[in-house]
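[1] how would this look folded up:
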Amino acid sequence: MNEHQSYALCWLVVLAVMWVWSAEISASDCPSDMLEIGDFCIDRFEAPNTDTGLPLVMYTFDEAEAWCQARGRRLCFDDEWTRACEGALGLSYPYGNAHVPGLCNDDKTWLAYNQTLLNQWPMGVSGSDVESLVELLAAARAVSGSAAASADHVEYLYQAEPAGSNSGCASSDGVIDLCGNAEEWTRRRDGGLPGFSGNLKGRYWAESRTCQQSVTGRGDSFRFYELGFRCCLGLEIIFTDDFESGNTDRWSTTSP
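    The predicted structure follows:
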């Protein structure tokens with residue numbers, strides 16, 4: 001093989017690698033129950049991220065993070081959550097700039113809560129193995145009489161609706177219930193303060209907030225009857241030019 005033929009062959013190899021790379025990144029590497037937005041994936045629904053499932057509540061920041069990590073994911077960063085909510089146009093709400101009461105589940109009547117009963121919620125039941133609200137409440141009730149009273153009070157206060165019930169409450173990327181329904185833990189991109197890593201986003205079923213508004217004054221051990229979460233997953237490009245081993249450029253999901 002002469003010099004010109006070797007040169008041409010090298011270019012053919014390069015073009016073939018580029019074609020494989022472009023084919024691989026044309027399809028989302030996000031799991032089927034997540035949506036790809038820029039360089040991250042986000043759960044379509046609030047945890048437990050199931051179609052028609054009721055959002056989990058009564059999770060602290062740390063418990064929510066553990067729940068996501070058990071599934072190979074992590075809590076969303078607050079800027080990721082905001083981007084998913086506002087879309088590429090920077091909207092105030094998932095559906096537009098003007099608030100429409102009830103388009104998301106945000107117009108329920110507020111019910112007075114009893115903090116003493118909420119404080120009786122048992123430690124350890126808001127675990128990473130929980131797959132449904134029914135399972136969560138049953139686990140709490142099984143601990144003790146006072147824990148059962150707490151679970152009963154949470155159920156009385158609870159006014160979230162099954163995932164997908166409000167078809168108009170979808171972002172331009174198709175993420176459901178970012179505003180209203182259950183408030184959501186996110187992780188502060190700036191790191192927050194010791195013991196205050198979270199940013200609460202989206203508010204809940206009895207109050208509306210914009211995509212951009214935040215609540216950063218709740219500590220990592222805070223739990224509440226209307227507070228849930230959803231998970232995210234990072235996407236990064238891993239580059240390699242190790243042609244001899246058969247490796248090529250590709251997308252890879254990561255969970256930093």
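[2] hey, let's count contacts and neighbours off CA atoms from now on
    Fine.
[3] In terms of secondary structure, what does the helix or strand harbouring Leu233 contact?
    If you go by DSSP states H and E, Leu233 is part of strand 231-238. Packing partners of strand 231-238 (3 or more Cα pairs under 8 Å, 6 or more residues apart in numbering; DSSP states H and E): strand 40-43, strand 74-75, strand 250-254.
[4] Report the buried residues of that strand.
    231-235 (16 or more other Cα atoms under 10 Å).
[5] what do you get for stretch 214-225?
    Of all the residues in stretch 214-225, those buried under the rule 16+ other Cα under 10 Å are 214, 216, 218-220, 223-225.
[6] How about stretch 98-110?
    So stretch 98-110, judged by 16+ other Cα under 10 Å, has buried residues 102-108.
[7] ends of it, how far apart?
    22 Å (Cα to Cα, to the nearest Å).
[8] Now do it: distance to the chain's middle.
    21 Å (Cα atoms, centre = their mean, to the nearest Å).
[9] what pLDDT, on average, does that stretch get?
    The average pLDDT within stretch 98-110 is 98.
[10] ok, now stretch 29-47?
    Computed over stretch 29-47, the average pLDDT equals 97.
[11] got the CA positions of that stretch in CSV?
    Output of stretch 29-47 as CSV, limited to C-alpha atoms (Å, rounded to 0.1, in the frame of the first residue of the first chain):
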residue,chain,number,x,y,z
ASP,A,29,-29.5,7.7,26.3
CYS,A,30,-32.0,8.6,29.1
PRO,A,31,-34.0,5.7,30.6
SER,A,32,-37.4,5.3,29.1
ASP,A,33,-39.1,6.9,32.1
MET,A,34,-37.0,10.0,31.9
LEU,A,35,-36.7,12.9,29.4
GLU,A,36,-33.5,14.4,27.9
ILE,A,37,-33.1,18.1,28.3
GLY,A,38,-29.7,19.4,27.3
ASP,A,39,-27.0,17.6,29.2
PHE,A,40,-29.3,15.9,31.8
CYS,A,41,-32.2,13.5,32.1
ILE,A,42,-35.2,14.2,34.3
ASP,A,43,-38.0,12.0,35.6
ARG,A,44,-41.2,12.5,33.6
PHE,A,45,-43.3,12.4,36.9
GLU,A,46,-42.7,13.1,40.5
ALA,A,47,-41.3,10.2,42.5
